[in-house]
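Student: here's a sequence, model it:
(chains A, B, C and D)
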Number of protein chains: 2
Amino acid sequence: MDNLTTVLDAISHPSRRAILERLSKGPSRVTEIAEPFDMSLNAVSKHLKVLEGAGLIRREVQGREHFIEFRGEPLRLVSAWVHHYEQFWSGHLDRFEQHFKTKRKKKP
Amino acid sequence: MDNLTTVLDAISHPSRRAILERLSKGPSRVTEIAEPFDMSLNAVSKHLKVLEGAGLIRREVQGREHFIEFRGEPLRLVSAWVHHYEQFWSGHLDRFEQHFKTKRKKKP
DNA sequence: CAAACATTCAACCCTTTGGTTGAATGTCGG
DNA sequence: CCGACATTCAACCAAAGGGTTGAATGTTTG
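Tutor: The predicted structure follows:
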């Protein structure tokens, strides 16, 4: 699985996005992260592993506690991918009108 | 499933991103879209349905042919979501340094 | 009309995912 | 040392995902 796919996959789950949102406000321990969620600590632990696999969090183990911190860098990939299509929604243009506007090939 | 989730889900699959890339160069019929892929036409048809569900393509039926065209607008949601975290990778900052830089609360 | 074509529908299959519970591991505090 | 705590590991399960094949539907064309 390429990096972009891994990252998109990670952020496509609402709970994981919620976790990231939480972590963007500062690092936190696993139990703290899990607290507001209506699911088991284990489930959260799994989500964290997915996020970690995508490089979106970093883990610092300190004794029995794991401190989790947000890392935004992988989102660059998503940003770049989306940016590539930006022309298709910027302004009032959409669809392939843009195509014909920018890459006009032949006059019909 | 909220819109953002639906869109992220749709673009998280490489084949679907490849389809979008193809369509960004101009509209196309289903069979044409499927041609370069190493999978059945049916599989592609399913992918198209997912993309359609996310609003990323629009379908115009003309007799027995379906003309598919790209629609970028839903990517706005992704762009907005990512943009919200942009501070975390822009410049040399990352992690929660940013947090402390922008939201400093108390001096320790 | 009949045959070829474009596409979807339906059923099936295997793998992945997101969740659970229960046990294991390791660490801290009295 | 022992019990509470923080976290993961392992096994399990139901549902969803991505693919297949075969049939159905509707359209074009000779």
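Student: please state the backbone phi and psi of A:K46?
Tutor: phi -70, psi -40 (degrees, to the nearest 10).
Student: check the gap between A:L75 and B:W81 for me.
Tutor: Per C-beta to C-beta, to the nearest Å, A:L75 is found 9 Å from B:W81. (Glycine included, C-beta is placed from N, CA and C.)
Student: identify the contacts common to those two.
Tutor: By C-beta atoms under 8 Å, 6 or more residues apart in numbering or on different chains, A:L75 and B:W81 have these common neighbours: A:I11.
Student: neighbour-wise, which of these two wins?
Tutor: A:L75 (23 against 19; other C-beta atoms under 10 Å in any protein chain shown).
Student: go ahead and name everything in contact with stretch A:52-71.
Tutor: So stretch A:52-71 is contacted by A:3, A:6-7, A:9-11, A:20, A:23-24, A:27-30, A:33, A:48, A:51, A:72-75, B:88, B:94-96 (C-beta under 8 Å, 6+ apart).
Student: how about 6 Å then?
Tutor: Residues outside stretch A:52-71 that contact it (C-beta atoms under 6 Å, 6 or more residues apart in numbering or on different chains) are A:6-7, A:10, A:23-24, A:27-30, A:51, A:74, B:95-96.
Student: now do the SS call for A:G26.
Tutor: When classified by DSSP: H, G, I helix; E, B strand; the rest coil, A:G26 comes out as coil.
Student: tell me which stretches of chain A form helices.
Tutor: Using DSSP state H, the helices of chain A run over A:3-11, A:14-23, A:30-34, A:41-53, A:75-84, A:97-103.
Student: would you turn those into CSV with mean pLDDT and distance to B:L41?
Tutor: Formatted as CSV, these follow (pLDDT from 0 to 100; distance: least, C-beta to C-beta, whole Å):
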stretch, mean pLDDT, distance to B:L41
helix A:3-11, 98, 23
helix A:14-23, 98, 32
helix A:30-34, 98, 44
helix A:41-53, 98, 32
helix A:75-84, 97, 26
helix A:97-103, 52, 25
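Student: most neighbours per residue, which of these?
Tutor: By mean neighbour count, with neighbours taken as mean count of other C-beta atoms under 10 Å in any protein chain shown, helix A:3-11 ranks first of the helices of chain A at a mean of 20.
Student: name the helices or strands packed onto it?
Tutor: The contact analysis (3 or more C-beta pairs under 6 Å, 6 or more residues apart in numbering or on different chains; DSSP states H and E) places helix A:3-11 against helix A:75-84.
Student: contacts for the helix it packs on?
Tutor: The contact list for helix A:75-84, computed with C-beta under 6 Å, 6+ apart, reads A:3-4, A:7, B:75, B:78-79, B:82, B:85, B:89.
Student: what about A:V50, distance to chain B?
Tutor: When C-beta to the nearest C-beta, to the nearest Å is the yardstick, A:V50 and chain B sit 12 Å from each other.
Student: surely that residue touches A:L8?
Tutor: No. Applying C-beta atoms under 6 Å, one finds A:V50 not in contact with A:L8, separated by 11.8 Å.
Student: what residues does chain A put near DNA strand D?
Tutor: Residues of chain A lying close to DNA strand D by C-beta under 7 Å from any atom of the strand are A:29-32, A:41-42, A:45, A:48-49, A:59, A:64-66.
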